[in-house]
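Student: below is the sequence, then the predicted model.
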Amino acid sequence: MSDISFVRTEMLPEQAPPASSVGAIGWMRVNLFSTPLNTILTLAAVALIYFVLVALVPWAWSPTWNATSLKNCREILAELGREGHFSGACWGVIQDRWVQLFMGFYPPEHYWRPISAFILLGVALLPILYSDKVPAKMMWFTGLYPFLMPLLLWGGSVWTPVMVLAGFVLAFLVYKFLTEQTGELIGLIAAVVVAVLWWGFFASALAGALADIIPVGLEPVDSRKFGGMMLSLTIGVVSIGFSLPIGIVLALGRQSDLLIVKALCVGFIEFIRGVPLITLLFVASTLLNIFMPPGTNFDIIMRVIIMATLFASAYMAEVIRGGLAALPTGQYEGADSLGLNYWQAQRLIIMPQALKISIPGIVSTFIGLFKDTTLVSVIGLLDPLGLSNAIRADSDWNGVVWELYGFIALMFFVFCFSMSRYSMYLERKLQTGHR
Amino acid sequence: MTTLTDPPKESFRLSMLIYDTRYRSMTIQIIALIGFLLLLGALVSNTAQNLATLGKEPSFRFLGEPASYDINQRLLEYTSRDSHLRAAFVGLLNTLVVAVLGCITATVLGVLIGVLRLSNNWVVARLTAIYVEIFRNVPVLLWIVFTMAVMIETMDPPRAFKAGDATMSLMGSTAFSNQGIFVPRPVPADLGWVLVVVLGLSIFAISRLRGRADKIQESTGERPGIFLISTAVFLVPVIVAYFGISAFASSNEQVFVARSEANAQNLTAFSDEIGKIDYCHSSGKAASLNGLRFLQENEIAIKRRNYFNRSATVTAFEEGRCNLIAVPASSVDSFIADLGQSDTAGEENKTVPAAVIQAEFSEGRAVEIEYPAISEKGIPRFEGGIHIRNSLIALWLALSLYTAAFIAEIVRAGILAVSHGQTEAAAALGVRPGKIMSLVVLPQAMRVIIPPLISNYLNLTKNSSLAIAVGYMDITGTLMGITLNQTGRELETVLLTMLIYLAISLSISGVMNWYNERVKLVER
């Protein structure tokens, strides 16, 4: 026997992978050129990007920031030897009008008011959005914010929001007292009646009287001066804020066993969801004053906010209904077995979980409504789109398209995109993984 | 011994309405109902009171009154003398047109982009993600208004086409102008409908052939090749019919009838006598078109008056809105005899002077193509062809691109919802990637996709009401726009518009839910 062994006794050293499967080339082979179809797609996409950039970059690189009119822009570009329709952007229009696009015709000396209102909105939202990082005591500020915001934006006597707030306090006290004395239902009904009576008959008179004695307040700003992004934000935020409680009530009503309540809620929700927002805005601009008692005259922004609230609350109700439906039945039964009554169960067990599940839906409803606020330009309010029509009608800027709409689109994109990213982050954070 | 006593029989006490859960729900419901009725009553009484103060009794009688405004895009015959109701109906059709067009393009684009977004091609996946984010996060109204503004500001006006600064695209057949796109219009001869019938029969026959092939495949496992035979079934009858009808139509001699007292025998004489010829042109008739071509060839100056169909053209001729019309030579006597006898003609048009002008032209081919052309005289504008208006394009394009972004996300979610094992199992069976997508993944993904797709179709339809921002005459633009402004009937018009949209929404969701029921996975 020979002692030649055909079995390898020592390991070979590891070899580097082939150059074509590592590094940039390997990545490209896998991700860009794996099949003929993929190669074609890649080439087409790269060509598209190339042509868009070749058209866009020289156009956008245009030293026209200080131009005062479109003609002026053309002159500046002509001096540089650039002629023609797409020779360069006319950024002067943005420089000239960006403040207006954000603030509308709000008096410049009061710009701090909307700015602080929106900063405080962020503060008020903190305990809801980042409940784990912010002290729970902050909720008090969140509760007070709805009364602070109209004061900051519209101005007027400080007593009006205080009296409205007093109505809530009064209703709560009545509810608390009567619930202990008699029963919850009577307490609830009496509280609603008392609050309505208070707002209807006493609040404004008392606020007027108090304002005469101690005149504290901010200078009133007319609704007509609202405009631009600030108007969109105001309508969006106020409508979503109001639509949340209404939506919760509607969702509960739609889920309830009470036949009449359910029918009313379903009818309302389906009606609102079946018609376009623009028809509701037409109701706001032409019909709402006919529906109101003779002599009442809301200003147009108020009317738009009312209709936008009704619109958003129907969508909100469906979002929350989804949240309610996603809760396992065990949660309802658990609440029952603890002996909680309906409202206690809702408040302590059901709603906290259902709302948590529906936060992404609520955020996307808000994004939708925020985008839809541009529709108010159709009924003549000066939101960014309404202002863009006014700017394009101005003889200085007649003919400006890309720069202006690009800027407005960017404004909306920044808001909506960041909100949608936040909602995706929430979705990941809230996924507790027990399903 | 113990005695069992019945529990004391409860008598109904008033407080049980509040404390007893059995009765409490009734109490709550009745209170809710009373509250609702109070609210409704207050609304109705306020409305009645306010309307009485304004002196407007609610009534729908205005719908029968003449609308006296024009609608620039109409699928039905409509003139400004028609009623508001008809105007609203024309508007409703326009809404449906843009909604259907939008839904189709949005679905095609959305599915394409949704699938591409999942592609393993890095560049394409990023590019489609950017598309989706850009379109989802910017208001649709902005897209609509922007598209409109871009078309108006950057495309060439008809003036430029006349001056020769701009040329027509696609071999001179289509004009992209700032007034919209003008495309060639196929104009069928009188028997043109036969072509459609033949085509329909061919398609039916092909579907039967396919059904037979499916059956054979199922029983034997081998699919008979039907490509050639179906191509033949599709093409041969249509071609035969086309040439048959063309032969018939080209032998169909036509003459002109002039609205003239004098018995003018030729066109030049008539032109000299009357000074200005208004030619009655019915846009859907090959004979009309060939008459027009004949006049142009003989260089007779005319003004062309377009009417929606043959009967509208004849009415216009009777009423003297134009003075020349093309009529088949075979029926010219009965045509002249019938002039002024129809019910639509007014008293003053009972006697219509008519003279036959002999001219050598025929009906032409089965389908004539009418190309748009810039007008020779007057303000430069395009004549002939189909005018796709700016407003329709802006609305259609913006709505499709916007909704496609949402549909893409739905499609992506649907495909991701199909378990990866399905793809792997199909691959293990040796199915090719493209077939895996169409045969295994998409059919299962459909069940996840359809319900949100329905709501996106609804959104698109509702968003089509933004037409009012670019002047597209849909139901919002007609009924809730001009009719409202002209009659001042806010309550009736807005409520009617809402009801119409509600009906559209409910029927779309009804149809789509029915479809959803059909394709839904049936579980035991």
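Tutor: Ah, there it is.

Student: for the rest of this, base every contact and every neighbour count on C-alpha atoms.
Tutor: Noted.

Student: tell me what the closest residue in space to B:Thr174 that isn't next to it in sequence is bridged to.
Tutor: Here the nearest residue to B:Thr174 in space, its sequence neighbours aside, is B:Val183; by Cα to Cα, 6 or more residues apart in numbering or on different chains that works out to 4.7 Å. Taking DSSP bridges as the rule, B:Val183 bridges to B:Ile386.

Student: correct me, but B:Val183 touches B:Pro372?
Tutor: Yes: with contact defined as Cα atoms under 8 Å, B:Val183 reaches B:Pro372; the gap is 6.6 Å.

Student: now for these two: what residues contact both?
Tutor: Jointly contacting B:Val183 and B:Pro372 under the rule Cα atoms under 8 Å, 6 or more residues apart in numbering or on different chains are B:Ser173, B:Thr174, B:Ala175, B:Gly385, B:Ile386.

Student: among those, which one has the most neighbours?
Tutor: Counting by other Cα atoms under 10 Å in any protein chain shown, B:Ala175 has the largest number of neighbours within the shared contacts of B:Val183 and B:Pro372, with 27 neighbours.

Student: circling back: make a markdown table from the shared contacts of B:Val183 and B:Pro372 and add pLDDT and distance to B:Arg117 to it.
Tutor: Below are those laid out as a markdown table (pLDDT from 0 to 100; distance: Cα to Cα, whole Å):
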| residue | pLDDT | distance to B:Arg117 |
| --- | --- | --- |
| B:Ser173 | 83 | 36 |
| B:Thr174 | 87 | 34 |
| B:Ala175 | 87 | 35 |
| B:Gly385 | 83 | 39 |
| B:Ile386 | 86 | 36 |
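
Student: quick one: the helix or strand harbouring A:Pro360 near chain B?
Tutor: In this assignment (DSSP states H and E), A:Pro360 forms part of helix A:351-372. Yes: counting by Cα under 8 Å from any Cα of the partner chain, chain B has neighbours in helix A:351-372: A:Lys371, A:Asp372.

Student: and whichever helix or strand comes after that helix, what does it pack onto?
Tutor: Sequence-wise, the next helix or strand downstream of helix A:351-372 (DSSP H and E) is helix A:384-393. For helix A:384-393, the packing partners by 3 or more Cα pairs under 8 Å, 6 or more residues apart in numbering or on different chains; DSSP states H and E come out as helix A:92-103, helix A:228-255, helix A:402-430.

Student: who are the packing partners of the next helix or strand after the shortest one?
Tutor: Heading C-terminal from helix A:92-103, the first helix or strand you meet, by DSSP H and E, is helix A:112-129. Based on contacts counted as 3+ Cα pairs under 8 Å, 6+ apart, the elements that helix A:112-129 packs against are helix A:139-154.

Student: now do the strands in the stretch 301-450 of chain B.
Tutor: B:302-307, B:324-328, B:355-362, B:367-370, B:373-374, B:382-383, B:386-389 (DSSP state E, counting those that start in this stretch).

Student: which parts of the fourth one are buried?
Tutor: Pointing back at strand B:367-370 there. By 16 or more other Cα atoms under 10 Å in any protein chain shown, the buried positions in strand B:367-370 come out as B:Val367, B:Glu368, B:Glu370.

Student: next, count neighbours for A:Ile186.
Tutor: 15.

Student: in three-state terms, label it for me.
Tutor: Following DSSP: H, G, I helix; E, B strand; the rest coil, the label given to A:Ile186 is helix.

Student: which bits of the stretch 151-300 of chain A sit near chain B?
Tutor: So the stretch 151-300 of chain A meets chain B at A:183, A:185-186, A:258-261, A:271, A:274-276, A:278-279, A:282-283, A:286-287, A:290-294 (Cα under 8 Å from any Cα).

Student: which among those end up buried?
Tutor: Counted by 16+ other Cα under 10 Å, these give A:185, A:260-261, A:271, A:274-276, A:278-279, A:282-283, A:286-287, A:290-292 as buried.
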